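In: show me the folded form of this:
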Amino acid sequence: MATGPGLESLVDQTISIITNDGRNIVGVLKGFDQATNIILDESHERVYSTKEGVQQLVLGLYIIRGDNIGVVGELDEELDSALDLSNLRAHPLKPVIH
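Out: Numbers count the residues shown, from 1 in each chain. Okay, the predicted model is just below:
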């Protein structure tokens with residue numbers, strides 16, 4: 001997992017985080033600390049299902065503990081906005097087992 005300068009370049013960018021319990025949270029990175037606790041603004045959780053389109057649950061300003069973060073990725077907003085999430089089907093992610 002990237003820490004320090006790796007995340008610094010993503011401040012004020014839209015990122016996607018996959019948590020250890022399999023949640024996908026998308027939002028604008030506003031800050032982080034040495035423990036990789038992350039502050040997101042304008043965030044939402046994307047809930048995937050094989051039966052219906054992706055649900056987006058609005059979270060707003062949200063803090064994620066660093067020890068619950070599995071993956072942090074930059075989001076290509078242009079590609080993301082072109083996706084029709086209402087037609088997207090996928091299995092929910094399984095939790096990470098340590």
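
In: can you report how many residues neighbour the residue nearest to Pro92 when sequence neighbours are not counted?
Out: Of all residues beyond its chain neighbours, the one nearest Pro92 is Tyr48 (5.1 Å), with distances taken as Cβ to Cβ, 6 or more residues apart in numbering. Heads up, the C-betas are built off the backbone N, CA and C, glycines and all. Neighbouring residues of Tyr48 were enumerated by other Cβ atoms under 10 Å; the total is 17.

In: same question for the one 5 residues further on.
Out: For Gly53, the count of nearby residues is 15 (other Cβ under 10 Å).

In: Gly27 now?
Out: The burial metric for Gly27, expressed as a neighbour count using other Cβ under 10 Å, is 23.

In: Pro95 versus that one, what's the distance?
Out: Here the distance between Gly27 and Pro95 works out to 21 Å (Cβ to Cβ, to the nearest Å).

In: now the strands for the chain?
Out: Along the chain, the segments classed as strands by DSSP state E run 14-19, 24-32, 38-47, 55-64, 69-74.
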